[in-house]
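J.: What shape does this take:
(2 chains)
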Amino acid sequence: MEDIKEIIAESIVLSLDNKISKNDVLDKIEIPKDKEHGDFSYPCFNLAKILKNSPVNIANTIKEKIVLNDKISKVEVINGYLNFYLNNTNVTSTVLNEIISKNEKYGDTNIGNGENIIVEYSSPNIAKPFHLGHFRNTVLGASLYNMYKICGYNVTRINHLGDWGRQFGLLIEGYKRFKDEYDITKDSLNVLLDIYIRINKLAKEDESIFDIARENFKKLEEGNEEILKLWKIFRDVSIKEYKRIYDILGCGFDSYNGEAFYSDKMDEVIQILDKKGVLVDSQGAKVVNVGENMPPCIVVKSNGSTIYATRDLAAILYRARTYDFSKCIYITGSEQILHFKQIFEVAKYLVDEKYQKGLIHISYGMIRLKTGKMSTRDGTIVYINDLIEDAIKKAKDIIIAKDANLEDIDNIAKQIGVGALIFNYLKTTKVKDIIFDLDETLRFDGETGPYVQYTYVRAKSILNKVKFDTKTKIDYNLLNTKQEIELVKELGKFPNIVLKALEEYEPAILARYLIDVATLFSRFYNECPVLVDDENLKNARCGLVYATSIVIKKGLSLLGIECPEKM
RNA sequence: GCUCCAGUAGCUCAGUUGGAUAGAGCAACAGCCUUCUAAGCUGUGGGUCGGGCGUUCGAAUCGCUUCUGGGGCACCA
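T.: Predicted coordinates:
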């Protein structure tokens, strides 16, 4: 499609005797909102001044003089716009043949050319259950990973676990006191959470517990065997639980090196910064100044210990050396925007410019409740385990109500329930806060994952009823209804949609696109019967159905959503 | 107080980077299943694009200003 835009631009320039540059024209060419206005449109208003003539006259002049190839069927002038209409039969066969021949590789490119990219995402805090915030983070990261992968990048997924810091001193103390009341091997994260809440309460009444906690963390840093053993148990138990969730979500990681991993790599960071003379004393702490409009970045606290910024800096240094990345993408909530601005500034003292330029922070809005912030204390946190359970159960109920004889109901219910959740959190642009609403989250009709999955299932259902051989010669000129042509054109956009979604780090672009495809397919499905007597028409429509199924399945897989074959 | 982000239909959101009559879903109402799965399709109603000023042939989109909501502002992550 892009090449056609080029051709149009060149032709316009020629018909204006090169009085305007091709890039200017290319810049202005747009795809009309209203399909009645053609496939491409060029507004002539800005030419009025340059050529000292009215937009309508200019448009008419271009229309008369322009020479186009057979890919364009007609050109029209409306209100100073030049509207170009593509030759539909040409587009249809090109698009459908490409999709069907490439099949599950449709949309793959090699623009990444093997470049190394790191995506850091999910990153929950050890010993705490997985909640909705982590969920949004995880599905965002996983889908970006999937998209980079098919664009030829070499991607490393890092789960930067929050497995270090003074809260472990407190947790260890709580565990020592209360462990006999619990069975840590069962429901381990909730046990740890419970202990954590209890010891926090206790510490509020008895300040001395905080001192013990500090002492515990110090012992942990020094490698005290007993303490280290406890910390390891917490970490192992947590990862095991997280992995169970990642498994359900169908995502994974190449590294679980979290904060603790960098605990012995921070000295070098401090040394480098000190050697470069940028580490200055400020109110007892050691900081790096990062410009006037930001507070300084604290690297060493006034009590001599390090802070999360120090660990993040150590991670940048380590990753530059280990992975030689061209991009290192961090996915976190928007409350960390300032923090990443600061450490990216400091990073210029640690790594080459090419690494520093590759540091990218992708932030997303909070998930809140109608009543306000989620809070552990008020018990208003929405845990992902519960939500997944609810979603799967609801999917199963609906399936049973519709067709209790369906095979493999549990697996299908899982695909639909989980798909609904993932889609729900990817369809909204990441900048927006999301107000959590259980009914809305568990909706399966309208702009939802199950709707897109359902579209796929209907397509497959048709294909299962015919012998459709991709090798037969198909006359796609027969596809000439409005529904067919619009669907084909939408399918043809897929590769560009993926690129755009990646460029903007915005899976929502792909999710929205899949809704559009599903809607156009549903219209086609309602208006154009596929299983007709006319063999040629049947074949052509089957080709369209098949191509649609390919695009939907591929698109959903990039979002991290599975497609049931029946539902 | 400073700073970043958001504000579009009753609700939840799109809006192709400044273009033509601002679009979807949900909710409401009215239709469509003896024909490829109705988790679907078609239609109706619903808008001072938070307000104001400006730039422009042309603004939901850019600038300034103001209101509302949210985040951040050094020893938490």
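J.: Let's verify whichever residue of chain A sits closest to RNA strand B: helix, strand, or coil?
T.: Nearest residue of chain A to RNA strand B: A:Gly446, at 2.2 Å (Cβ to the nearest atom of the strand). Glycine gets a C-beta too; all of them are placed from N, C-alpha and C. Secondary structure, DSSP: H, G, I helix; E, B strand; the rest coil: A:Gly446 is coil.
J.: which residue packs closest to A:Cys251, ignoring adjacent ones?
T.: Spatial nearest neighbour of A:Cys251, excluding adjacent residues (Cβ to Cβ, 6 or more residues apart in numbering): A:Ala142 at 3.9 Å.
J.: and that neighbour, what element?
T.: A:Ala142 belongs to helix A:132-150 when assigned by DSSP states H and E.
J.: Dump that helix to CSV, restricted to CA.
T.: Extracted in CSV, the C-alpha atoms of helix A:132-150 (Å, rounded to 0.1, in the frame of the first residue of the first chain):
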residue,chain,number,x,y,z
LEU,A,132,-3.9,-5.9,38.9
GLY,A,133,-1.1,-3.4,38.6
HIS,A,134,1.4,-6.2,37.9
PHE,A,135,-1.1,-7.7,35.5
ARG,A,136,-1.3,-4.6,33.3
ASN,A,137,2.5,-4.4,33.4
THR,A,138,2.9,-8.0,32.5
VAL,A,139,0.6,-8.1,29.5
LEU,A,140,2.0,-4.9,28.1
GLY,A,141,5.6,-6.3,28.3
ALA,A,142,4.7,-9.7,26.9
SER,A,143,2.9,-8.2,23.9
LEU,A,144,5.8,-5.8,23.1
TYR,A,145,8.1,-8.8,23.4
ASN,A,146,6.0,-10.8,20.9
MET,A,147,6.0,-7.9,18.4
TYR,A,148,9.7,-7.3,18.6
LYS,A,149,10.3,-11.0,18.1
ILE,A,150,8.4,-11.1,14.8
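J.: For it, what does the pLDDT average out to?
T.: Here helix A:132-150 scores 97 as its mean pLDDT.
J.: How about stretch A:261-279?
T.: The model assigns stretch A:261-279 a mean pLDDT of 95.
J.: does any part of whichever helix or strand A:Ser41 is part of sit near RNA strand B?
T.: Using DSSP H and E, A:Ser41 sits within strand A:40-43. Yes: Strand A:40-43 reaches RNA strand B (Cβ under 7 Å from any atom of the strand) through A:Ser41, A:Pro43.
J.: Does the helix or strand that that strand is followed by reach RNA strand B?
T.: Scanning forward in sequence from strand A:40-43 by DSSP H and E, the next helix or strand is helix A:47-51. Yes: applying Cβ under 7 Å from any atom of the strand, one finds helix A:47-51 touching RNA strand B at A:Ala48, A:Lys49.
J.: helices and strands around helix A:47-51, which ones?
T.: With contacts taken as 3 or more Cβ pairs under 8 Å, 6 or more residues apart in numbering; DSSP states H and E, helix A:47-51 sits against helix A:55-65.
J.: Name the surrounding residues that touch the helix it packs on.
T.: Residues from elsewhere that reach helix A:55-65 (Cβ atoms under 8 Å, 6 or more residues apart in numbering): A:12, A:15-16, A:43-45, A:47-48, A:51, A:53, A:75-77, A:79-82.
J.: show me where the stretch 201-350 of chain A has helices.
T.: A:208-222, A:225-249, A:266-275, A:308-323, A:337-346 (DSSP state H, counting those that start in this stretch).
J.: Could you tell me the least trusted of these?
T.: helix A:208-222 (a mean of 87).
J.: right, is that one up against RNA strand B?
T.: No: using Cβ under 7 Å from any atom of the strand, helix A:208-222 stays clear of RNA strand B, with a minimum separation of 9.4 Å.
J.: Show me how far that helix is from its chain's centre.
T.: Distance of helix A:208-222 from its chain centroid, counting by Cα atoms, centre = their mean, to the nearest Å, is 39 Å.
J.: What is it packed up against?
T.: Identification of packing neighbours for helix A:208-222 by 3+ Cβ pairs under 8 Å, 6+ apart yields helix A:167-178, helix A:188-205, helix A:225-249.
J.: With mean neighbour count and distance to RNA strand B as extra columns, can I get the ones you listed in TSV?
T.: Conversion of the helices and strands packed on helix A:208-222 to TSV gives the following (neighbours: other Cβ atoms under 10 Å; distance: least, Cβ to the nearest atom of the strand, whole Å):
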stretch	mean neighbour count	distance to RNA strand B
helix A:167-178	21	7
helix A:188-205	17	13
helix A:225-249	16	14
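J.: As CSV, those helices with distance to A:Asn464 would be great.
T.: What follows is these, written out as CSV (distance: least, Cβ to Cβ, whole Å):
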stretch, distance to A:Asn464
helix A:167-178, 54
helix A:188-205, 43
helix A:225-249, 28
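J.: Can you point out the buried residues in the host helix or strand of A:Leu556?
T.: Assigned by DSSP H and E, A:Leu556 belongs to helix A:535-559. Going by neighbour count (16 or more other Cβ atoms under 10 Å), the buried part of helix A:535-559 is A:537-559.
J.: Per the annotation, how does chain A divide into domains?
T.: Domain assignment for chain A by automatic domain parsing gives A:2-86, A:116-269+A:306-369, A:402-559.
J.: Of all the ones you listed, which one comes closest to A:Tyr106?
T.: domain A:402-559 (5.9 Å; Cβ to Cβ).
J.: coming back round to it: ok, and does the helix holding A:Ala142 reach over to RNA strand B?
T.: No: Helix A:132-150 does not reach RNA strand B (Cβ under 7 Å from any atom of the strand); its nearest approach is 11.5 Å.
J.: Tell me the first helix or strand C-terminal of that helix.
T.: Assigned by DSSP H and E, the successor of helix A:132-150 is strand A:154-158.
J.: Could you tell me the angle between that following strand and helix A:308-323?
T.: 150 degrees (axes from the mean of the first three to the mean of the last three Cα atoms, to 10 degrees).
J.: Grab the most central residue of chain A for me.
T.: Central residue of chain A (Cα atoms, centre = their mean): A:Leu140, 3.4 Å from the mean position.
J.: Return the residues in contact with it.
T.: Counting by Cβ under 8 Å, 6+ apart, A:Leu140 makes contact with A:Tyr121, A:Ile331, A:Ile362, A:Tyr364, A:Tyr425, A:Leu426, A:Lys430, A:Pro507.
J.: Neighbours of the closest residue to the second one other than its chain neighbours, how many?
T.: If I follow you right, that is A:Ile331. Nearest residue to A:Ile331, sequence neighbours excluded (Cβ to Cβ, 6+ apart): A:Tyr121, at 4.2 Å. When neighbours are defined as other Cβ atoms under 10 Å, A:Tyr121 has 25 of them.
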